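Trainee: Model the following, please.
(chains A and B)
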Amino acid sequence: MRLSKGFIPTVKETPADAVIPSHQLMIRAGMIRALAAGVYTFLPLGHRVMMKVAQIVREEMDAIGGQEFHLPALSPVELWQETGRVEAFGDTLFHLKNRPLVLAPTHEEVICWLAKNHISSYKDMPQIWYQIQTKFRNEPRPRSGVLRGRQFLMKDSYSLDRSMEALDVSYDLHAKAYRKIFARCGLRFFVVGASSGTMGGTGSQEFMMESDAGEDVIALSEDGTYAANVEVATSRVPAVGRVAHTKPVEEIHTPSVRTIDELAQFLKVDEQRLAKSVVYWGGDKPLLVLMAGNDELNESKLLAAIGGNVRPMEAERLMALTGADGGSIGPIGLRGFTILADKRLEGANGLISGANRNDYHLANIDLARDCSIDGYHDLRTVQAGEDAPYGGGKLRVVKGIELGHIFKLGTKYSDALRANFLDENGREAPIVMGSYGIGIERIVACHIEQNHDANGIFWDKTIAPFHVHLVAVTARSKEVVETADALYRELQSAGLEVLYDDRVEISPGVKFKDADLLGMPYQVIVGEKNLANGKIEIKTRKTGERTLVDRTGLVASVSSLLA
RNA sequence: CGGGGCGUGGCGCAGUCCGGCUAGCGCGCUUGGUUUGGGACCAAGAGGCCGGGGGUUCGAAUCCCCCCGCCCCGACCA
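Mentor: Here you go, the predicted structure:
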């Protein structure tokens, strides 16, 4: 591509609306332009990178036996009603006004519909079906450029299997393929255990990149052997345990004490002996959750423990139900509530909790003796500095960007849509599904996040829009222009993709700045002085290293660098 | 949806509090000339219903009301 003819609108100044480096650089390098909030036009350079990433994904999916589909973005609402996901997605699902259609945010339903109609025997499986296609999600708040958009390109794949054991195989194939994909794209990433969220299913893992721009919070052990989304992460924290004495429950006056810390100070006890009450709705049932001291309740874990949906109880409703404020609620004598407790509190005694009467607490509580607890679950949010659950040192808590997510769905969708097959005994059984997604834009943006400096991007050769950025430093010299023109042809003949800055009347400084901004792995610089000595300069963008090679050996040198 | 910020030539911004004359500046763009290895210089130009609608006023980019859009924090997020 000759830069004089191409459409690569670079900009010198950092766009005001872009905050994170990848967003700023994608605009500055002429890869994208925003059309609306969360909606981006991809310009030729951006599109080339996207296609390179898509091709790597395609190759690795094909390598595990995947078959590529092209499913429609338009999808009948009825199909989504059958699986209950019109409600599950809520406002995130785009609805059409003049037809009973939705814009598909993912394709489990459509895959399941196909499978229902065409997979009838265990002999038809396993299947891995995938596509690389535009998804639509009405995100309440798009942000960070293409990292969270309302329209985005996604590789989504679906496995169809006869059993949970067979699903494990398909799932593992995907896990391996994903590692290859992200490695080939030159990303530093890690894999974490994750929550299945509204996708449902029995297990999932996320492929993450550490980044302050990330929206997920990840707990990692020091040695890297443990990594989990905080939604599911656990740690080794000691149980609260028992105290020696077994005094009867006693009411104590605790005027104007609001927080756990204040209460611990007021009573001069260890904060973990304070059983903090957190009040929720579990569906439409009131729910009391006991946590040790300042432990933070993890809503994802609570949701996983009870199913349905959960939300904090409003202060007025709590007062109406109990006659007390949130700070004075406790498990004893509380009627009509389901009472759950964190595992740390199992078997504990000598606890202090609210008396369900403002400004009073109860002391010497033995949970087993004095209350009826409906269940003990791991409900706490891990904190940095705690011991990782299986050794490996202390936990670090970092932010991460989700690049990919793999799910063992099980039979959730095949049950809902009655997608069954006949097994080898002639019995009807639901197809066992898995679903797997990779955000293509996110790979591109994350690559830039990890590979840039103050001047611009440096692309890995595997996904660079071009392999070589050829610069004719000046158009004034006939030798320079003729040599650069010749090299342009020769490099292309050698199978390389070349971006050729052949612009006239553009100063050398501008050309160099643009080359650094656009970030091709190697720059071939044809200048007057070096050429007088028969030399051409090769600059490695990432390191800034420059070498002079003979004109005659230039193509071979560049080819070997890119081999 | 809650909180905050913003909307002025293609881009980045000033002007808005405290209404006033022809709406400025930098970058980019066009033309001519000079320059030529790290975002050159000089000169002359083109380009604006100041986000939209309504109101107040002799007069509105500026004040008031409504609406729309964009960004950030939070809630949400397969």
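Trainee: For residue A:509, grab the count of nearby residues.
Mentor: 8 (other C-beta atoms under 10 Å). For glycine as for every other residue, the C-beta is placed from the backbone atoms N, C-alpha and C.
Trainee: residues in contact with it?
Mentor: By C-beta atoms under 8 Å, 6 or more residues apart in numbering, no residues touch residue A:509.
Trainee: Where does it sit: helix, strand or coil?
Mentor: When classified by DSSP: H, G, I helix; E, B strand; the rest coil, residue A:509 comes out as helix.
Trainee: Spatially, and excluding backbone neighbours, which residue is closest to the most centrally placed residue in chain A.
Mentor: Most central in chain A under C-alpha atoms, centre = their mean is residue A:402, positioned 1.5 Å from the mean C-alpha point. Distance criterion C-beta to C-beta, 6 or more residues apart in numbering; nearest residue to residue A:402, sequence neighbours excluded, is residue A:206 at 5.2 Å.
Trainee: how about that neighbour, what does it touch?
Mentor: A:191-192, A:194, A:216, A:229, A:402-405.
Trainee: what about the strands in the stretch 1-150 of chain A?
Mentor: Here the stretch 1-150 of chain A has its strands, by DSSP state E, counting those that start in this stretch, at A:32-36, A:39-42, A:67-68, A:74-76, A:94-95, A:101-103, A:127-136.
Trainee: Could you give the bridge partners of the closest residue to residue A:360 other than its chain neighbours?
Mentor: Using C-beta to C-beta, 6+ apart and skipping the chain neighbours, the partner closest in space to residue A:360 is residue A:251 (5.6 Å). Note on residue A:251: beta-bridge partners residue A:362, judged by DSSP bridges.
Trainee: How much space separates residue A:251 from residue A:269?
Mentor: Look at residue A:251 and residue A:269: by C-beta to C-beta, to the nearest Å, they are 16 Å apart.
Trainee: which intervals of the stretch 301-450 of chain A have sub-threshold pLDDT?
Mentor: The stretch 301-450 of chain A contains residues with pLDDT under 70 at A:308.
Trainee: how does it look with 90?
Mentor: For the stretch 301-450 of chain A, the stretches with pLDDT under 90 are A:301-329, A:333-336, A:358-359, A:372, A:391-392.
Trainee: Please enumerate the strands of it.
Mentor: Under DSSP E, counting those that start in this stretch, the stretch 301-450 of chain A gives strands at A:310-312, A:338-342, A:351-354, A:360-365, A:375-377, A:395-410, A:420-422, A:428-430, A:432-439.
Trainee: how about JSON lines for the ones you listed, with distance to RNA strand B added?
Mentor: Output for those, formatted as JSON lines (distance: least, C-beta to the nearest atom of the strand, whole Å):
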{"stretch": "strand A:310-312", "distance to RNA strand B": "8"}
{"stretch": "strand A:338-342", "distance to RNA strand B": "18"}
{"stretch": "strand A:351-354", "distance to RNA strand B": "24"}
{"stretch": "strand A:360-365", "distance to RNA strand B": "29"}
{"stretch": "strand A:375-377", "distance to RNA strand B": "19"}
{"stretch": "strand A:395-410", "distance to RNA strand B": "5"}
{"stretch": "strand A:420-422", "distance to RNA strand B": "23"}
{"stretch": "strand A:428-430", "distance to RNA strand B": "19"}
{"stretch": "strand A:432-439", "distance to RNA strand B": "4"}
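Trainee: Residue A:543: what's it in contact with?
Mentor: Listed by C-beta under 8 Å, 6+ apart, residue A:543 has no contact partners.
Trainee: and it, what element?
Mentor: Using DSSP states H and E, residue A:543 sits within no helix or strand.
Trainee: before we move on, the earlier item: RNA strand B is nearest to which of the strands of the stretch 1-150 of chain A?
Mentor: Closest of those to RNA strand B is strand A:32-36, at 3.7 Å (criterion: C-beta to the nearest atom of the strand).
Trainee: Now do residue A:467 against residue A:459, distance only.
Mentor: With the distance defined as C-beta to C-beta, residue A:467 ends up 9 Å from residue A:459.
Trainee: ok, the two, which is more surrounded?
Mentor: Taking neighbours as other C-beta under 10 Å, residue A:467 and residue A:459 compare with residue A:459 leading, 25 against 21.
Trainee: quick one: the nearest residue to that one once chain neighbours are set aside from RNA strand B, how far?
Mentor: Of all residues not flanking residue A:459 in the chain, residue A:519 sits nearest, at 4.9 Å (C-beta to C-beta, 6+ apart). Using C-beta to the nearest atom of the strand, to the nearest Å, we find residue A:519 at a distance of 11 Å from RNA strand B.
Trainee: hang on, residue A:519 packs against residue A:541?
Mentor: Yes - with contact defined as C-beta atoms under 8 Å, residue A:519 reaches residue A:541; the gap is 5.7 Å.
Trainee: check contacts around the closest residue to RNA strand B within the stretch 251-400 of chain A.
Mentor: The stretch 251-400 of chain A approaches RNA strand B most closely through residue A:299 (6.2 Å), counting by C-beta to the nearest atom of the strand. Applying C-beta under 8 Å, 6+ apart, one finds that residue A:299 lies in contact with residue A:310.
Trainee: Sweet, I'm off.
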